[in-house]
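Participant: here are the coordinates; sequence isn't available:
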């Protein structure tokens, strides 16, 4: 009896948020352990479907780095990284496109649709969704930062927001593989965090939600007692400058600031390993992770 009352109280807590965010766009960067654990895969798909049922306009951008690495191993190709970015030759970009736009994307679309929603898979070439230029990696050599060519790795030049809004207006959930087109039929592999931030910026999304394998941001990433529930862009920049934010968290925080600078409402970095963390972050008073605000 009390368990059922708790459920009703949780629903009542969500009502003001559902009213507030109806018709609003929410971009979800889907990655980490939640992409490889079967139970969590279904939980995320159910959460995304629920957002649509509640009247929100969800957009999903997914990663796939471990899956790309696994496929490269199968063809006896070693993965190399420079400044956290995958060195991507012609063979590697073909494999990345096959994995991201093929097996991963279709699996996510299928799971969301299995929960009654209407998802549709896209990659950067579809409708010129993501136009990209070559990205040069920053490498620090003896205190001097140099630009290094790491192959078919891209940075976003333009997002076709009209295509996404058309799909959203017609009741579809875009599920986007993080590849970009060079405008001439070629493909660039792009960091999924970067794509998510640029899409949230182009759509002026109400929220950008980044799924990770940690609770959120820490003042000192080595000290779990320094968890930060809310911080602004200026504070985030200071943490990156002093090393409090480093490694794979840097592109996530940069993506949040890209979205905020373009007019997004709020951004969130949350633990995708926690069941229903997306809904808890959006529809409850307490939330689960770190808010990065303007």
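Facilitator: Nice, thanks for sending it over. Bear in mind that the values here come from a model prediction, so they are computed numbers and not experimental data.

Participant: Give me the average confidence score over the top strand by length along the chain.
Facilitator: The single longest strand within the chain, with elements called by DSSP state E, is strand 144-159. Confidence for strand 144-159, expressed as mean pLDDT, is 92.

Participant: Does anything pack onto the helix or strand that it is followed by? Which helices or strands?
Facilitator: Toward the C-terminus, strand 144-159 is succeeded by helix 161-169 as the next helix or strand (DSSP states H and E). Secondary-structure packing of helix 161-169 (3 or more C-beta pairs under 8 Å, 6 or more residues apart in numbering; DSSP states H and E): strand 57-62, strand 173-176, helix 192-203. Where C-beta positions appear, they are placed from N, C-alpha and C, glycine not excepted.

Participant: Take these and write them to TSV, including mean neighbour count, distance to residue 265 and mean pLDDT.
Facilitator: Below are those laid out as TSV (neighbours: other C-beta atoms under 10 Å; distance: least, C-beta to C-beta, whole Å; pLDDT from 0 to 100):
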stretch	mean neighbour count	distance to residue 265	mean pLDDT
strand 57-62	26	13	98
strand 173-176	27	19	98
helix 192-203	27	10	97
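
Participant: I'd like these laid out as a markdown table, including distance to residue 282.
Facilitator: Shown next, in a markdown table, are those (distance: least, C-beta to C-beta, whole Å):
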| stretch | distance to residue 282 |
| --- | --- |
| strand 57-62 | 10 |
| strand 173-176 | 15 |
| helix 192-203 | 14 |
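
Participant: Among those, which comes closest to residue 263?
Facilitator: For these, proximity to residue 263 was assessed by C-beta to C-beta; helix 192-203 is nearest, at 7.6 Å.

Participant: Tell me the helices and strands packed up against that closest one.
Facilitator: strand 25-30, strand 57-62, strand 144-159, helix 161-169, strand 207-212, helix 249-261.

Participant: how far does the longest strand of the chain sit from the chain's center?
Facilitator: 19 Å (C-alpha atoms, centre = their mean, to the nearest Å).

Participant: helices and strands around that strand, which ones?
Facilitator: Helices and strands touching strand 144-159, as assessed by 3+ C-beta pairs under 8 Å, 6+ apart, comprise strand 85-86, helix 90-98, strand 130-141, strand 179-181, strand 187-189, helix 192-203.

Participant: Paired strands for the first one, with orientation please.
Facilitator: Going back to what we said before, that points to strand 85-86. The pairing partners recorded for strand 85-86 under DSSP bridges are strand 81-82 (antiparallel).

Participant: what about the partner strand, distance to the chain center?
Facilitator: 21 Å.

Participant: One more: stretch 179-197?
Facilitator: Computed by C-alpha atoms, centre = their mean, the separation of stretch 179-197 from the middle of its chain amounts to 14 Å.

Participant: lowest-pLDDT helix or strand in the chain?
Facilitator: Lowest on mean pLDDT, DSSP states H and E among the helices and strands of the chain sits helix 2-21, with a mean of 76.

Participant: list the buried ones in that helix?
Facilitator: 14, 17-18, 21 (16 or more other C-beta atoms under 10 Å).

Participant: repeat for stretch 32-46
Facilitator: By neighbour count on 16+ other C-beta under 10 Å, the buried set for stretch 32-46 is 32, 34-35, 40-41, 43-46.

Participant: excluding its backbone neighbours, what's nearest residue 88?
Facilitator: Spatially, and ignoring its direct neighbours in sequence, residue 88 is nearest to residue 151 (4.1 Å; C-beta to C-beta, 6 or more residues apart in numbering).

Participant: The one you found against residue 82, yeah?
Facilitator: No: using C-beta atoms under 8 Å as the test, residue 151 is too far from residue 82 to be in contact (9.7 Å).

Participant: before we move on, the earlier item: right, and the helices and strands packed on helix 192-203 - which one's nearest residue 92?
Facilitator: Nearest to residue 92 among these is strand 144-159; the distance by C-beta to C-beta comes to 7.1 Å.

Participant: by how many degrees do the closest one and helix 192-203 diverge?
Facilitator: Per axes from the mean of the first three to the mean of the last three C-alpha atoms, to 10 degrees, the angle that strand 144-159 makes with helix 192-203 is 50 degrees.

Participant: buried set for strand 144-159?
Facilitator: Neighbour counts using 16+ other C-beta under 10 Å place 150-156, 158-159 of strand 144-159 among the buried residues.
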